[in-house]
Structures are given as C-alpha cells and as structure tokens.
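Visitor: This is a predicted model, with the sequence first.
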Amino acid sequence: MKFSIGGSLKLAFRPWVEGLENIPAEGPAILASNHLSFSDSFFLPAVLDRKVTFIAKAEYFTSPGVKGKLTAAFFKGVGQLPVDRSGARGAGEAAIKSGIEVIERGELFGIYPEGTRSPDGRLYRGKPGGLARVALATGAPVIPVAMIDTEKIQPPGKVVPKLMRPGIRIGKPLDFSRYQGMEGDRFILRSVTDEVMYEIMKLSGQEYVDIYATAAKRQIAEADKRRVEAEKAQAKAEKAADREALRTARAQAEQSAAERGAEHGVPADSDTPGQQAG
C-alpha cells in the first residue's frame, strides 16, 4: 500500500528532491525534519525507496466505523506507528521507546524535533527529548530533512489539498556516536538538538525562532483571543455610540418641533385645536 499511495502522491504533486543520495541503502538512520503540514509524513516516505516510520496518535488507528477503519488502513499503509499518549509521561516516553525499536530493527525512523507543526511557516526550537535520546541511545546517524512549501499545499485546518509542487531537501548524515550513552545529560541533549535544527534551518531557508512552537501557538491563540475581545468591545462601543446619537437626534428633533410650535403660538404641551376649542 505504501507504494500505491506514494506513487499517487508523486504523480499528483510531482515533488522535487535534493540529496536523495544521503539516505543509506540499508541500516538504521533517524530522519529529523521540519514540520509545516499534516502531509509531511506522506510526502517524505513517498520519495524514498525505503520504508520510513513516523509516530502518530493512537486515536488515528482506533476510531470506530468505516471512516475509522479507512483512516487506520491509510496510516498503516504510509508507515505510521500508533503511539498511546496516555500515562504519566504521555507521548514523549512512548515516542522514544518506539523510535528505539524502529532503529534496532535496522529501519528508518522519522521524527519532527519541533514537536508540532509550525504555526506560521517559521522554524522553531527543537525539543531535546525524543530526537537526541533516540540518537544517543542507539548511535544511529541523524539525517536532517527540510520540507519546502508543504504548508501551502495543506495549511492547518484545510482538508482538501492544493495541487502544487512541494520540495524536499535531504542533508548529509550527522554522527553523534561520540555522545552515545550520554542521553541522561540535558546539556548534551540540548547541544545535539540545536546542531540538528541548525542544519535543518540551512536546508529549509526558514527564519529561526528560539522558542518552542507550542509556546508560539499559545501566544498566537492568546493574541487572537485578545483581538476578538477587542473587536467585540469596539462593536459594543459603536452600538452604544449609535444609540446615544439616536437619542440625541430625537431630542434635537423634539426641541426643534417645540420651537416651531412656539413660533406659531402653539404651546409645546398643547392639545389638538379641536380639543382646545372644546
């Protein structure tokens, strides 16, 4: 199924690739990529002759009904590995365990060091957990990968992709075997992660932001919330101003009518002429 899906993606989108020779013909390796779109996990495997395994939420594999079964079959077909995010330490430990198992089988393991999709197309600080710990625990080489323009094909929240050519740049393998067995040192983990992110930045040409993408998403959500609240407050103030203007206009109209009545000898609070005569 991987080849049928990959063939369809290549035929429809015609992705261009640079550095394909940096993927080993055999043996384990970690593919560390930037993350712009939901479709990244499909385009990268599509251009490789070897299977590459990414991790995915277990919910994608356990949803009920026909749609759930189709979704599960699709994710399995493109090499996605279900990870249960429950438990005390959640997805982090599960991802590391799964990554080590993939590497120990001599396969390719794909991971997104940013931990989530970029909210705005920029490259964010890599998380020092999964990538570095798998690399140092196994001694496998890390191959930096840059996805190009995939966020334009399928922006967050969009279901139907736009037909255009994405790009993939694959860098030279990075060897961190000198640190093997030091995965408990947080300074080493940070150093390894930053080195990989620097290589991804060079390949992708993205602007680098030295905060986590999850923090950036929170900031964006908070800014959106403040904007919506400000727009609501402005709309409320405009409505209040409109009501006040209407009241003022009515008062002025009534005053003008009273003044015109006074000019003609009609008291402002007088009754109709017929009633006066009575």
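Guide: Noted; the coordinates are in hand. Numbers count the residues shown, from 1 in each chain.
Visitor: I'd like to know how far the residue nearest in space to the middle of the chain sits from Glu263.
Guide: Closest to where the C-alpha atoms of the chain average out (C-alpha atoms, centre = their mean) is Arg117, at 3.3 Å. Distance, Arg117 to Glu263, using C-beta to C-beta, to the nearest Å: 74 Å. For every residue, glycine as well, the C-beta is placed using N, CA and C.
Visitor: Glu104 now?
Guide: From Glu104 across to Glu263, the span is 101 Å (C-beta to C-beta).
Visitor: Between these two, tell me which one has more neighbours.
Guide: Glu104 (13 against 8; other C-beta atoms under 10 Å).
Visitor: Work out for me the element Gly110 sits within.
Guide: Assigned by DSSP states H and E, Gly110 belongs to strand 108-111.
Visitor: what are the pairing partners of the very next helix or strand once past that strand, and which direction each?
Guide: Using DSSP H and E, the helix or strand that follows strand 108-111 in sequence is strand 123-124. Here strand 123-124 is paired, per DSSP bridges, with strand 208-209 (parallel).
Visitor: Which helix or which strand is home to Ala245?
Guide: Ala245 belongs to helix 213-263, assigned by DSSP H and E.
Visitor: Identify the residues contacting Lys172.
Guide: 19, 22, 143 (C-beta atoms under 8 Å, 6 or more residues apart in numbering).
Visitor: Just the pLDDT at the second one, thanks.
Guide: In other words, Asn22. If you check Asn22, the pLDDT there is 97.
Visitor: returning to what we had before: so what's the closest residue to the residue nearest to the centre of the chain other than its chain neighbours up against?
Guide: With C-beta to C-beta, 6 or more residues apart in numbering as the criterion, Arg117 has its nearest non-adjacent residue at 5.0 Å, and that residue is His35. Shown in contact with His35 (C-beta under 8 Å, 6+ apart): 112, 114, 116-118, 147.
Visitor: And for Ile143?
Guide: Contacts of Ile143 by C-beta under 8 Å, 6+ apart are 22-23, 29-32, 170-174.
Visitor: secondary structure class for it?
Guide: Put simply, Ile143 is strand when judged by DSSP: H, G, I helix; E, B strand; the rest coil.
Visitor: quick one: low-confidence parts of the protein?
Guide: Applying pLDDT under 70 to the chain picks out residues 1-6, 57-63, 66-79, 82, 84-91, 156-157, 266-278.
Visitor: Please enumerate the helices of it.
Guide: In the chain, the helices defined using DSSP state H lie at 2-13, 40-47, 59-62, 65-77, 90-104, 130-138, 150-153, 186-204, 213-263, 273-277.
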